[in-house]
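Peer 1: With the sequence up front, the predicted model follows.
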Amino acid sequence: MTGGMLIRNESFRTWRLKPWSTLMRWMRASMHSPAHTDPPHCGRSSPCTAKTRWMGCSGTQHCADETLRREIWTTLIRLYHREGEFTEDSPKWWGTRPDTTGPYYDRQKWSESDRIGDAIKIALSEGDDSLAAHINEQLKRHVVNLDGISAADIAAMQEPQKAIELPKVDPNNPNQIANIDMASVIAKVMPLSGNPDAGKELFKAQSCINCHTFANGQQPKGPHLVDIGKRYKKEELLESILDPSKKIAQGFDTWTFVMADGKVHTGFVVLESAETVSVRGTDGLSKELPQQDIDERVKQDISMMPKGIVGNLTVEQLADLIAYLQSLH
């Protein structure tokens, strides 16, 4: 292919950069062909082996364009998997929460996967710290797990999980919501405007952040609240917090999974692929269940959101939390 993009160099059987245009990198990322996994040629007059060319792209040789190096590795890592064929078993895992963490729903290795994996290992062992961090980030993003790659490096980039702790309530404090009937709480909060800034802090303090995303681009956790202020009226927000099981967000039904070893896990499905189901329970922690180990799944009628999550707050504080949710558009 010419036109200022790439020229095939038959003598070295490599792709010569002229340069890697953004369009061409995007196109190559979708082409599962051995030719597209060849290391980019360094442009030197003397021939170089595949290993030395990958070393060049890992920054130890002569590839000085940092942005280009990163984009080449991102493209290569994306090509590690291909999309699996849609079969009669596919509808069993394809649901309302398909796994969108990577570019493929059913990740499958192909003829060049091992070759790509070897190249990645060379880059990690001989490249600089900046490139290693970028490659580890892309391995996580594209859900690529390689033998010999430290799990700690990738795990370190995962968002830490923290279990939900229901707030303690003083049964002798008449101002706390847990000691007031629901109808009265709603009646008292409705006329209050609330402080969204204070509510944002309560959103974190009350563990709402454990199961909810509030901005585009965040890793999926549970019901997305980025535009909740437009979709729900104030009274509906109050009811959803005070009585979570009254109306369960679409796609976040509670399921009980019975495993082959007899263990039982209950939660809502965060992500589901052909290989695993990610389930978040009442403690706010996510567990990954292998599809092949699931014997049965049963839908439940209760919400995974713990009732009493705002039991320690006052009416005024709940108004602040609602004001913050209403500010999310």
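Peer 2: Now that the structure is in, tell me what you want to look at.
Peer 1: contacts and neighbour counts: CA atoms only from here.
Peer 2: Will do.
Peer 1: so S245 touches S303, yeah?
Peer 2: Yes: counting by Cα atoms under 8 Å, S245 touches S303, with 4.7 Å between them.
Peer 1: and H265, how many residues sit next to it?
Peer 2: 17 (other Cα atoms under 10 Å).
Peer 1: Quick check: it touching V258?
Peer 2: Yes: H265 sits in contact with V258 when judged by Cα under 8 Å, with a separation of 6.7 Å.
Peer 1: rewinding a little: compare S245 and S303 (neighbour count), which wins?
Peer 2: The neighbour comparison of S245 against S303 (other Cα under 10 Å) goes to S303, with 22 against 18.
Peer 1: what's the average pLDDT for the longest strand seen in the chain?
Peer 2: For the chain, the strand with the greatest residue count under DSSP state E is strand 264-272. Taken as a whole, strand 264-272 has an average pLDDT of 89.
Peer 1: 126 is where my numbering starts, stick with that
Peer 2: Renumbered: residue one is now 126, and that last one reads strand 389-397.
Peer 1: Skip the chain neighbours and tell me the closest residue to T338.
Peer 2: Among residues not flanking T338 along the chain, H349 sits closest, at 5.1 Å (Cα to Cα, 6 or more residues apart in numbering).
Peer 1: For the closest residue to V351 other than its chain neighbours, give its distance to K329.
Peer 2: Nearest residue to V351, sequence neighbours excluded (Cα to Cα, 6+ apart): F339, at 4.5 Å. Per Cα to Cα, to the nearest Å, F339 is found 11 Å from K329.
Peer 1: Pick out whichever of the two has more residues nearby.
Peer 2: Each of F339 and K329 has its neighbours counted (other Cα under 10 Å); F339 has more, 16 against 11.
Peer 1: which ones are touching the more buried one?
Peer 2: For F339, the contact set (Cα atoms under 8 Å, 6 or more residues apart in numbering) comprises H349, L350, V351, L453.
Peer 1: picking up where we left off before, and the next helix or strand after the longest strand of the chain, which strands flank it?
Peer 2: Scanning forward in sequence from strand 389-397 by DSSP states H and E, the next helix or strand is strand 401-405. Sheet pairing of strand 401-405 (DSSP bridges) gives strand 389-397 (antiparallel), strand 411-415 (antiparallel).
Peer 1: Packed most tightly, which of those would that be?
Peer 2: strand 389-397 (a mean of 22; mean count of other Cα atoms under 10 Å).
Peer 1: Tabulate the strands paired with strand 401-405 (TSV), appending distance to E290.
Peer 2: Shown next, in TSV, are the strands paired with strand 401-405 (distance: least, Cα to Cα, whole Å):
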stretch	distance to E290
strand 389-397	16
strand 411-415	15
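Peer 1: of all those strands, which lies closest to E441?
Peer 2: Evaluated over these, closeness to E441 peaks at strand 389-397, with 30.8 Å, by Cα to Cα.
Peer 1: Send over the closest one as PDB, restricted to the C-alpha atoms.
Peer 2: Provided in PDB are the C-alpha atoms of strand 389-397 (Å, rounded to 0.1, in the frame of the first residue of the first chain):
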ATOM      1  CA  VAL A 389     -23.400 -20.000  45.800                       C
ATOM      2  CA  HIS A 390     -22.800 -16.400  44.700                       C
ATOM      3  CA  THR A 391     -25.500 -13.700  44.600                       C
ATOM      4  CA  GLY A 392     -25.300 -10.300  43.000                       C
ATOM      5  CA  PHE A 393     -26.000  -8.300  39.800                       C
ATOM      6  CA  VAL A 394     -24.100  -8.900  36.600                       C
ATOM      7  CA  VAL A 395     -21.500  -6.200  35.900                       C
ATOM      8  CA  LEU A 396     -20.000  -7.700  32.800                       C
ATOM      9  CA  GLU A 397     -20.400 -11.000  31.000                       C
END
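Peer 1: Let me see the confidence value for the residue nearest to T338.
Peer 2: pLDDT for H349: 84.
Peer 1: Near it, how many other residues are there?
Peer 2: Neighbour tally, H349, other Cα under 10 Å: 16.
Peer 1: cool, and the one 10 residues further on?
Peer 2: Other residues near K359 come to 17 when the count uses other Cα under 10 Å.
Peer 1: which residues in this protein form helices?
Peer 2: 147-153, 175-182, 191-203, 215-218, 238-251, 254-266, 276-280, 307-314, 321-330, 353-356, 359-367, 440-451 (DSSP state H).
Peer 1: Show me which residues of the fifth one are buried.
Peer 2: The one in question is helix 238-251. Across helix 238-251, burial judged by 16 or more other Cα atoms under 10 Å covers S238, I241, G242, A244, I245, K246, A248, L249, E251.
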